[in-house]
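# Could you look at this predicted model? Sequence included:
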2 protein chains.
Amino acid sequence: MAGKRGYHHGDLPAALIRTSFEVLAEQGPAAFSVAQVARRLGISTASPYRHFRDRDHLFAAVATAAARELAEAVRAAVDAAGADPAERFAVAGSAYLRFAVGRGVGFDVIYASDLAALRDEELATAGRELMDLFTGLADDTGERTKPESLELVANLIALAHGYAALYRNGLFASGRYRLEDLLAQAENGGRALAATRGARPR
Amino acid sequence: MAGKRGYHHGDLPAALIRTSFEVLAEQGPAAFSVAQVARRLGISTASPYRHFRDRDHLFAAVATAAARELAEAVRAAVDAAGADPAERFAVAGSAYLRFAVGRGVGFDVIYASDLAALRDEELATAGRELMDLFTGLADDTGERTKPESLELVANLIALAHGYAALYRNGLFASGRYRLEDLLAQAENGGRALAATRGARPR
DNA sequence: GTCTATATATTGATAGAC
DNA sequence: GTCTATCAATATATAGAC
């Protein structure tokens, strides 16, 4: 397959998304560029525009894939965590952290305000399902009103995302911090958050 | 002062730092550029290089100023919060969030790994004092070993920074979230974190 | 469907005039 | 100490050949 001379790809759109993840993992969202992705694939900088209208449309496709993969990673981690709701909730936070660091993509990309303007249906759906996953885990931790559940989710996401952001560049990037330790800390934080009001049905 | 023809400034270095804050507040660290700062000040793009060796040295000066102002903002908020240690700790988190959103600068800039290579003594000192402030507040919340205190600080910072990052771009940037609500949520989160093991001397 | 070539914009940084 | 002018990178995006 793809044995002819010149530059070919069985599935360039898929290859573009895959390579975009590589760039994001190594340099983060801010440094992401269509040109760099094209260069890595050994294709011209014009080729991506045959498949994605512009930078943002490629980015949206990457964000959609990321939302799905993140949801899958969280589900897997939670399933492996046992039955205790607070534990499952806490593990969801560390799974987020691990994914965001490893892939260079987090909620900042998946829910980026720039991408919201695109009104991409697939991305919106993937994003909604991802949020539903987290709110479901929060609901299981105790009797809560809907706003209380949402606040709990927001706190967990903020905690995990903050760790990820500061690990990539900032306070925890100095080399004095090991990711494994931060994962454990984020889990402890998640447990503390889950322990607030109503954690166990009264 | 500065009444002569042509472009003058009583204190261009200070004006560069001030204007840098404006750019950061409006566009964030990723979009920060020397050229844009110069444009805003109505000076040539060459002028800043008379006062700062390069982009990173200007950035370091901004980060230093930010570290000091942030420490001041946290101190003021904490002083206004009363005597309860857990409350003071929680308020420090929301003060961080408010500052990071308003100024466009947080621990990602102040402790940026790029700037660490500069070995700027003033920045290092300001950064250390900022961390000491937070660890002091954490220590007051209960009997803790040093690693436990550091973990508590890390959790608070991550929580607050995550909110700030996602408010600027991401989950909370959609317009459906009000900053005041997020500030309250971050404070609740801070209280939950402070309530972990040893929050009150046993 | 991919390429070459190009137009346009922005950036960081320097040399040299005033 | 500020300016004009300039260079080299790098980016997005398009037109047209193959």
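It's in.

# DNA strand D contacts on chain A?
Those residues of chain A that sit near DNA strand D, judged by Cβ under 7 Å from any atom of the strand, are A:32-36, A:39, A:45-46, A:49, A:53-56. Just so you know, the C-beta spots here come from the backbone N, C-alpha and C atoms, and that holds for glycine as well.

# now with 6 Å?
Counting by Cβ under 6 Å from any atom of the strand, chain A comes close to DNA strand D at A:33-36, A:45-46, A:49, A:54-55.

# Tell me the most packed of those residues, by neighbour count.
Highest neighbour count within the residues of chain A next to DNA strand D: A:V34, with 20 neighbours (other Cβ atoms under 10 Å in any protein chain shown).

# That one reaches A:H57, doesn't it?
No. Counting by Cβ atoms under 8 Å, A:V34 sits too far from A:H57 to count as a contact (10.2 Å).

# Quick check: end-to-end length of stretch A:46-60?
One end of stretch A:46-60 to the other measures 18 Å (Cα to Cα, to the nearest Å).

# Could I get the average pLDDT for it?
Averaging pLDDT along stretch A:46-60 gives 97.

# next one: stretch A:105-125
When pLDDT is averaged over stretch A:105-125, the result is 97.

# Buried residues, it. List them.
By 16 or more other Cβ atoms under 10 Å in any protein chain shown, the buried positions in stretch A:105-125 come out as A:105-112, A:115-116, A:118, A:120, A:123-124.

# restrict those residues to those near chain B?
Among the buried residues of stretch A:105-125, proximity to chain B is found for A:106-112, A:116 (Cβ under 8 Å from any Cβ of the partner chain).

# I'd like the buried residues of stretch A:105-125 laid out as CSV, including distance to A:V23 and secondary structure.
Below are the buried residues of stretch A:105-125 laid out as CSV (distance: Cβ to Cβ, whole Å; DSSP: H, G, I helix; E, B strand; the rest coil):
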residue, distance to A:V23, secondary structure
A:V105, 11, coil
A:G106, 15, coil
A:F107, 19, helix
A:D108, 16, helix
A:V109, 12, helix
A:I110, 16, helix
A:Y111, 20, coil
A:A112, 16, coil
A:L115, 17, helix
A:A116, 22, helix
A:L118, 20, coil
A:D120, 20, coil
A:L123, 19, helix
A:A124, 24, helix
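
# which helices and strands sit right next to the worst-scoring helix or strand of chain A on mean pLDDT?
Ranked by mean pLDDT, DSSP states H and E, the weakest helix or strand in chain A is helix A:113-116, scoring a mean of 95. Packing contacts for helix A:113-116, counted by 3 or more Cβ pairs under 8 Å, 6 or more residues apart in numbering or on different chains; DSSP states H and E, involve helix A:55-80.

# Secondary structure and distance to DNA strand C added to the residues of chain A next to DNA strand D, as TSV?
What follows is these, written out as TSV (DSSP: H, G, I helix; E, B strand; the rest coil; distance: Cβ to the nearest atom of the strand, whole Å):
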residue	secondary structure	distance to DNA strand C
A:S33	coil	11
A:V34	helix	11
A:A35	helix	9
A:Q36	helix	14
A:T45	coil	6
A:A46	coil	3
A:Y49	helix	8
A:D54	coil	13
A:R55	helix	13
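
# of the residues you listed, closest to chain B?
Nearest to chain B among the residues of chain A next to DNA strand D, counting by Cβ to the nearest Cβ, is A:S33 at 12.5 Å.

# residues touching the closest one, list them.
With contact set as Cβ atoms under 8 Å, 6 or more residues apart in numbering or on different chains, A:S33 has these partners: A:23, A:55.

# got the buried residues for stretch A:188-195?
A:188-195.

# So which of the residues you listed sit within strands?
Among the buried residues of stretch A:188-195, no member is found in strands (DSSP state E).

# These: which ones sit near DNA strand C?
Of the residues in these, proximity to DNA strand C by Cβ under 6 Å from any atom of the strand holds for none.

# Which members of the ones next to chain B among the buried residues of stretch A:105-125 are the farthest-apart pair?
The distance between the two most remote of these (Cβ to Cβ) is 15.8 Å, for A:G106 and A:A116.

# How about the contacts made by the residue most central in space within chain A?
Nearest residue to the geometric centre of chain A (Cα atoms, centre = their mean): A:G106, 3.4 Å. A:G106 makes contacts with A:96, A:99-100, A:161, A:164-165, B:170, as judged by Cβ under 8 Å, 6+ apart.

# Also A:E129?
Contact analysis of A:E129 by Cβ under 8 Å, 6+ apart lists A:67, A:71.

# Compute the distance between it and B:L58, please.
Counting by Cβ to Cβ, to the nearest Å, the gap from A:E129 to B:L58 is 43 Å.

# tally of neighbours for A:I157?
Quick note: A:I157 (other Cβ under 10 Å) scores 25 neighbours.

# Using the record's assignment, carve chain A into domains.
A:1-52, A:63-194 (automatic domain parsing).

# looking at these, which is buried most?
domain A:63-194 (a mean of 20; mean count of other Cβ atoms under 10 Å in any protein chain shown).

# surely A:R39 meets A:P48?
No. The pair A:R39 / A:P48 is not scored as a contact, 10.8 Å apart, by Cβ under 8 Å.

# ok, now which ones touch the closest residue to A:A31 other than its chain neighbours?
Closest residue in space to A:A31, ignoring its immediate chain neighbours: A:V23 at 7.4 Å, by Cβ to Cβ, 6 or more residues apart in numbering or on different chains. Shown in contact with A:V23 (Cβ under 8 Å, 6+ apart): A:31-33, A:36-37, A:40, A:104.

# And A:V23, how close does it get to chain B?
Using Cβ to the nearest Cβ, to the nearest Å, A:V23 is found at 15 Å from chain B.

# Can you show me the CA trace of the host helix or strand of that residue as PDB?
Using DSSP states H and E, A:V23 maps to helix A:12-27. The C-alpha coordinates for helix A:12-27 follow below in PDB (Å, rounded to 0.1, in the frame of the first residue of the first chain):
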ATOM      1  CA  LEU A  12      -3.600  11.600   5.000                       C
ATOM      2  CA  PRO A  13      -6.300  13.100   7.200                       C
ATOM      3  CA  ALA A  14      -5.700  10.400   9.800                       C
ATOM      4  CA  ALA A  15      -2.000  10.800   9.500                       C
ATOM      5  CA  LEU A  16      -2.400  14.500  10.100                       C
ATOM      6  CA  ILE A  17      -4.300  14.000  13.200                       C
ATOM      7  CA  ARG A  18      -1.900  11.400  14.500                       C
ATOM      8  CA  THR A  19       1.100  13.600  13.800                       C
ATOM      9  CA  SER A  20      -0.700  16.600  15.400                       C
ATOM     10  CA  PHE A  21      -0.800  14.600  18.600                       C
ATOM     11  CA  GLU A  22       3.000  14.100  18.400                       C
ATOM     12  CA  VAL A  23       3.600  17.900  18.000                       C
ATOM     13  CA  LEU A  24       1.200  18.700  20.800                       C
ATOM     14  CA  ALA A  25       2.800  16.100  23.100                       C
ATOM     15  CA  GLU A  26       6.200  17.600  22.500                       C
ATOM     16  CA  GLN A  27       5.500  21.300  22.400                       C
END
